[in-house]
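1. Fold the stuff below for me.
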Amino acid sequence: MLFPTTRLCQVLDVIERGLHAYHSRLASQRQRAEMIVLAHIKEQSRLSLGSYGRPGMTEELKELGLNIGHRRVGRLMRDNELRVERSKKYKVTTIAGQAIAKQFAEWGTATTLSTSRRAC
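-> Model (predicted):
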């Protein structure tokens with residue numbers, strides 16, 4: 001349900017003219033600079049397949065010639081929900097799989113020992 005701006009302005013005790021002026025105002029210099037930095041962050045995140053966190057992203061941006069601090073990079077990444085995509089390590093969870101892995105490891109050491117004995 002949408003409310004009319006007149007009613008919202010009365011509830012918030014602001015002048016409707018001020019609300020319209022706020023919405024029509026151009027972005028500040030800081031906002032424009034952050035939009036440019038954010039575009040670089042998104043591009044580097046895409047190129048790295050989401051593997052860069054705040055420190056790595058800061059280093060990448062510095063290599064591109066952007067003088068930016070790690071806290072600002074972290075805030076921009078957090079505000080725009082850019083997170084590191086971590087890959088999960090494979091772990092054998094079945095008993096049969098562990099037994100096969102153990103037998104394979106034993107077979108590998110047995111063949112290593114037998115080939116080393118032949119070399120002597």
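
2. quick one: L64 and H40 touch, right?
-> Yes. Because the distance of 6.5 Å satisfies CB atoms under 8 Å, L64 is recorded as touching H40. Glycine gets a C-beta too; all of them are placed from N, C-alpha and C.

3. Looking at those two, which has the bigger crowd around it?
-> H40 (17 against 11; other CB atoms under 10 Å).

4. Please report the distance of the more buried one from S51.
-> H40 sits at a distance of 16 Å from S51 (criterion: CB to CB, to the nearest Å).

5. T6 too?
-> Applying CB to CB to T6 and S51 gives a distance of 50 Å.

6. Looking at these two, which is more packed in?
-> The neighbour comparison of T6 against S51 (other CB under 10 Å) goes to S51, with 13 against 10.

7. Show the contacting residues for the more buried one.
-> Remark: with contacts taken as CB atoms under 8 Å, 6 or more residues apart in numbering, S51 is in contact with 84-85.

8. Tell me how far the residue nearest to the spatial centre of the chain lies from R46.
-> In the chain, the C-alpha nearest the mean C-alpha coordinate belongs to R83, at 2.4 Å (CA atoms, centre = their mean). Separation of R83 from R46 (CB to CB) stands at 13 Å.

9. Surely A27 is in contact with M35?
-> Yes. Proximity of A27 to M35 meets the contact threshold set by CB under 8 Å, at 7.2 Å.

10. So, low pLDDT: which residues of the protein?
-> Along the chain, the parts satisfying pLDDT under 70 run over 1, 90-98, 107-120.

11. quick one, helices of it?
-> In order along the chain, the chain carries the following helices (DSSP state H): 5-12, 16-24, 29-47, 54-63, 70-79, 95-119.

12. Please convert those helices to JSON lines, extending it with distance to S87.
-> Shown next, in JSON lines, are these (distance: least, CB to CB, whole Å):
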{"stretch": "helix 5-12", "distance to S87": "46"}
{"stretch": "helix 16-24", "distance to S87": "43"}
{"stretch": "helix 29-47", "distance to S87": "16"}
{"stretch": "helix 54-63", "distance to S87": "16"}
{"stretch": "helix 70-79", "distance to S87": "19"}
{"stretch": "helix 95-119", "distance to S87": "20"}
